[in-house]
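Participant: turn this into a model:
(chains A and B)
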Number of protein chains: 2
Amino acid sequence: MPDTASYPVTERNKVRRLHERARYDHDSVHAILDAALLCHIAYVIDGAPYCTPTVFWREGTHLYWHGSSASRMLRVQKPGVPVCLTVTHLDSLVLARCGFNHSVDYRSAMCFGQAHIIDDPAEKARALDAMIDRLYPDRNATLRPSTAQELKATMVVGMEIEQASGKVRAKGVGDEEADYALPIYAARIPVTQVLGASEPCPRMPTGVSAPPGLAGFTPGRRLDEVMAENQARLYEASPG
Amino acid sequence: MPDTASYPVTERNKVRRLHERARYDHDSVHAILDAALLCHIAYVIDGAPYCTPTVFWREGTHLYWHGSSASRMLRVQKPGVPVCLTVTHLDSLVLARCGFNHSVDYRSAMCFGQAHIIDDPAEKARALDAMIDRLYPDRNATLRPSTAQELKATMVVGMEIEQASGKVRAKGVGDEEADYALPIYAARIPVTQVLGASEPCPRMPTGVSAPPGLAGFTPGRRLDEVMAENQARLYEASPG
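Facilitator: Numbers count the residues shown, from 1 in each chain, chains lettered A, B, ... in the order given. Here you go, the predicted structure:
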């Protein structure tokens, strides 16, 4: 079912520069998020900014990420501090006829909210199972179950998206009208993040092969497409 | 000439989690930075964190980025506020035998410093020329020169790296010893960011072809390799 809602536009998430590139509707923002495996999270410790890359996933308008219980980022986020979670896909290099019009095509999303630790053991275990199955369809059921020690060593953080903005540039070369006649090479060079051939662990017992859930991970496929497909597979049948 | 120096290790940049993955020496940190086109920059406005993606480049231990003079991020950075600039390369997906050992191989670098605006017109023009030539060898000389208006509309920000840390995971599957005997599929799936075939602008006059400086941008090449190669080409012959 299409989600016709939008995130509220406030001073915090309003796109000021090139606002024709801005997207605030759930569908546009979520599409950018769901195509990604990694995000960068900004947070503040003693007034100073930190920017950390991490694996994340989305359930409805809620984002989750995880890490070690020992990590500084996650300890600081414990009391529910504000964070900004940003995702960026680089889609092309844009070589124009002057320096000023050089650019890149991209899709990015900035999400603002307050991080909270998922403390309840059952909810935490469920979230971690969802993370695995969001990345790799049906994989969790094939794994050795998590131990209590492993769950204890892992911290899961959640964040309801309070505001968000997406920004998309997809126009390739855009030059000043007078410059098109100049004898200068201009081009768009596509950039994609692609999968290579799987390298099975050499220590598997004989006879173990890749389960059907990994069928989408074929060499040469775009990671963003695989991620979006797996997200839809896990969540589109159910609400949220 | 090899750079044998290291960034100082302080409370701010000390890697706490899995410190065997940490790198503080210039060569390791710079290699991670130079292989990237985009970074994510964290900064603070009124106590709240923001995380913005942008193109950046390095000269010695100095980082530069640019944007519109109208951008909020750059306006806030004007007085020399602290920022954290982070670069991340995703190198593989790691599917292990339990959820806990699922991981990714990656290279990331976090750089801390104070942003300052490059106000001097000559220095600003030089930095913007360097940005173009760092990305695309010898390209600047082939372009229509920047106008005063274009330079005025562009803000260039610089930052001396005060502290930095690199973090590298490159081990693929690492499971608990007892788990290797289990009949569970485990694998490393490589991920690379690659160039596609250039799409020349359809509005070029006939006879304009790609200049020799773009010879490295061949379809299928890894963007990180092209970026590192172009950085070396511009800077390795000269000091810094």
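Participant: counting contacts, what elements does the helix or strand containing residue A:149 pack onto?
Facilitator: Using DSSP states H and E, residue A:149 falls within helix A:148-152. With contacts taken as 3 or more C-beta pairs under 8 Å, 6 or more residues apart in numbering or on different chains; DSSP states H and E, helix A:148-152 sits against helix A:121-135. Every C-beta, even on glycine, is put in place using the N, C-alpha and C of the backbone.
Participant: what's the pLDDT at the residue nearest to residue A:229 when sequence neighbours are not counted?
Facilitator: For residue A:229, ignoring the flanking residues on the chain, the nearest one in space by C-beta to C-beta, 6 or more residues apart in numbering or on different chains is residue A:216 at 5.9 Å. Listed pLDDT for residue A:216 reads 97.
Participant: with residue A:15 instead?
Facilitator: 81.
Participant: just residue A:176 next, same as before
Facilitator: 98.
Participant: and what of residue A:75?
Facilitator: Per-residue pLDDT puts residue A:75 at 71.
Participant: for it, grab the count of nearby residues.
Facilitator: Around residue A:75 sit 16 other residues, with neighbours defined as other C-beta atoms under 10 Å in any protein chain shown.
Participant: which stretches in chain A count as strands?
Facilitator: Listed in chain order, the strands of chain A (DSSP state E) span residues A:22-23, A:38-45, A:48-59, A:62-68, A:82-95, A:103-114, A:116-117, A:154-160, A:163-169, A:187-195, A:199-200.
Participant: what distance separates stretch A:161-179 from the centre of its chain?
Facilitator: Stretch A:161-179 has its C-alpha centroid displaced from the chain centroid by 19 Å (C-alpha atoms, centre = their mean, to the nearest Å).
Participant: any bit of it sitting next to chain B?
Facilitator: Yes - Stretch A:161-179 reaches chain B (C-beta under 8 Å from any C-beta of the partner chain) through A:172-173, A:175, A:179.
Participant: who wins for most neighbours among those residues?
Facilitator: Among the residues of stretch A:161-179 next to chain B, residue A:173 has the most neighbours (other C-beta under 10 Å), with 22 neighbours.
Participant: how about that one, what does it touch?
Facilitator: Contact analysis of residue A:173 by C-beta atoms under 8 Å, 6 or more residues apart in numbering or on different chains lists A:94-96, A:101, A:186-188, B:201.
Participant: gap between it and residue B:235?
Facilitator: Using C-beta to C-beta, to the nearest Å, we find residue A:173 at a distance of 27 Å from residue B:235.
Participant: for residue A:203, same thing?
Facilitator: For residue A:203 relative to residue B:235 (C-beta to C-beta), the value is 43 Å.
Participant: looking at those two, which is more packed in?
Facilitator: Using other C-beta under 10 Å, the more surrounded residue of residue A:203 and residue B:235 is residue B:235, with 19 against 13.
Participant: hmm, back to that, give me the contacts around the helix holding residue A:149.
Facilitator: In this structure, residues lying in contact with helix A:148-152 by C-beta under 8 Å, 6+ apart are A:69, A:121, A:124-125, A:128, B:98-100.
Participant: so where's chain A uncertain?
Facilitator: A:1-2, A:69-74, A:77-79, A:237-240 (pLDDT under 70).
Participant: so what's the residue most central in space within chain A up against?
Facilitator: Nearest to the mean C-alpha position of chain A, by C-alpha atoms, centre = their mean, lies residue A:36 at 3.4 Å. By C-beta under 8 Å, 6+ apart, the residues touching residue A:36 are A:56, A:87, A:89, A:224, A:227.
Participant: returning to what we had before: run the chain-centre distance for the helix holding residue A:149.
Facilitator: In terms of C-alpha atoms, centre = their mean, the centre of helix A:148-152 is found 26 Å from the chain centre.
Participant: buried stuff in that helix?
Facilitator: For helix A:148-152, the buried set under the neighbour-count rule, 16 or more other C-beta atoms under 10 Å in any protein chain shown, comprises A:150-151.
Participant: same check, this time on stretch A:151-163
Facilitator: A:151, A:154-159, A:161-163.
Participant: nearest to chain B, of those residues?
Facilitator: Of all these, chain B sits closest to residue A:154, with 6.8 Å by C-beta to the nearest C-beta.
Participant: isn't the closest one right up against residue A:66?
Facilitator: Yes - the pair residue A:154 and residue A:66 passes the contact test of C-beta atoms under 8 Å, sitting 5.8 Å apart.
Participant: now list whatever residues contact both of those two.
Facilitator: Joint contacts of residue A:154 and residue A:66 (C-beta under 8 Å, 6+ apart) are residue A:128.
Participant: got the contact list for residue A:40?
Facilitator: Neighbours of residue A:40 in contact, by C-beta under 8 Å, 6+ apart: A:51-54, A:85-88, B:40, B:42, B:51, B:53, B:86, B:88.
Participant: so what's it closest to, chain neighbours aside?
Facilitator: Leaving out its chain neighbours, the residue that sits closest to residue A:40 by C-beta to C-beta, 6+ apart is residue B:40, at 3.8 Å.
Participant: distance to residue B:207 added to the strands of chain A, as a markdown table?
Facilitator: Converted to a markdown table, these look like this (distance: least, C-beta to C-beta, whole Å):
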| stretch | distance to residue B:207 |
| --- | --- |
| strand A:22-23 | 39 |
| strand A:38-45 | 43 |
| strand A:48-59 | 45 |
| strand A:62-68 | 51 |
| strand A:82-95 | 18 |
| strand A:103-114 | 25 |
| strand A:116-117 | 61 |
| strand A:154-160 | 54 |
| strand A:163-169 | 29 |
| strand A:187-195 | 15 |
| strand A:199-200 | 46 |
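Participant: bridged to residue A:192, which residues?
Facilitator: For residue A:192, the beta-bridge partners under DSSP bridges are residue B:194.
Participant: how many neighbours does it have?
Facilitator: Neighbours of residue A:192 under the rule other C-beta under 10 Å: 20.
Participant: looking at the buried residues of stretch A:151-163, which is nearest residue B:21?
Facilitator: For these, the residue nearest residue B:21 by C-beta to C-beta is residue A:154; the value is 17.7 Å.
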